[in-house]
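S.K.: Provided below are the primary sequence and the corresponding predicted coordinates.
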Amino acid sequence: DLVALAAGARRAFTLIELLVVMAVIGILAGLLLPALGTAREGGRGTACLSNLHQIGLALQLYTPDNENRMPVMYDFLISTNGISTNQPPTPDLVLSNYLGGQMVLKCPSDRFGIFAQTHCSYGWNNLINGQSADHLKLFNLTLGAQQIPVFFDKEGFHKARGPGKEANYLYADGHIKKLLEIEGTK
């Protein structure tokens, strides 16, 4: 009877075996979570690049309507006393008729509340304010449109992607890079 009972009984997990299985699952989860975080940030970075591309298209629509001149705009001033006076024109106002919506100006990785404070997660290169779109200059240097950044992440929103990839840049010719480098310097 003892042999029949042992043969018919199901074998159960012991507490030690269960703890070992849970430890292995925990180790595997610990190894996968950083990779998932990096992948998630990569997706946000791609959405950010898409936003910058749409802003570039808005600029391309803006310039012919304004005598082929770059817009005159500045980043939103954050007042220390909560009252903003003499606010210069900002990207959200100047480009509003050319953007599909204001949320294009918000980087998906903006977790610092910069968009909420300034109405734009991206900084504008105000050195090119009002210049001819065909003859842009920086510090009296005539550069090609592929060399002049016009919009960029205000903060290193994409640090999880790694060094040199913290910020995205939109250049005057419409191309986008993940890091700032002047063509021909490398």
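M.R.: Nice, thanks for sending it over. Keep in mind the model is a prediction, meaning the values are calculated, not measured. Residues are numbered from 1 along each chain as shown.
S.K.: where does the chain have low pLDDT?
M.R.: 1-11, 79-85, 161-162, 164-165, 178-186 (pLDDT under 70).
S.K.: Helices along that one, start to end?
M.R.: 2-8, 15-65, 91-94, 114-118 (DSSP state H).
S.K.: With mean neighbour count and distance to Phe76 added, can I get these in TSV?
M.R.: Quick note: C-beta positions are derived from backbone N, CA and C, even for glycine. Output for the helices of the chain, formatted as TSV (neighbours: other C-beta atoms under 10 Å; distance: least, C-beta to C-beta, whole Å):
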stretch	mean neighbour count	distance to Phe76
helix 2-8	7	77
helix 15-65	14	15
helix 91-94	19	8
helix 114-118	16	4
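S.K.: Relative to Thr142, which of those helices is closest?
M.R.: Of all the helices of the chain, it is helix 15-65 that lies closest to Thr142, at 17.6 Å by C-beta to C-beta.
S.K.: With adjacent residues omitted, what lies nearest to the residue nearest to the spatial centre of the chain?
M.R.: Centroid-nearest residue in the chain: Cys48, 3.9 Å away (criterion: C-alpha atoms, centre = their mean). Nearest non-adjacent residue to Cys48, counting by C-beta to C-beta, 6 or more residues apart in numbering: Cys107, 4.8 Å away.
S.K.: right, and that neighbour touches Leu49 too?
M.R.: No - counting by C-beta atoms under 8 Å, Cys107 stays clear of Leu49, with 10.0 Å between them.
S.K.: Need the overlap of contacts for the two.
M.R.: Asn168 (C-beta atoms under 8 Å, 6 or more residues apart in numbering).
S.K.: picking up where we left off before, any idea how far Ala160 is from the residue nearest to the centre of the chain?
M.R.: 12 Å (C-beta to C-beta, to the nearest Å).
S.K.: Likewise for Asn86?
M.R.: 38 Å.
S.K.: what about these two, which has more around it?
M.R.: Counted by other C-beta atoms under 10 Å, Asn86 and Ala160 do not tie: Ala160 has more neighbours, with 18 against 5.
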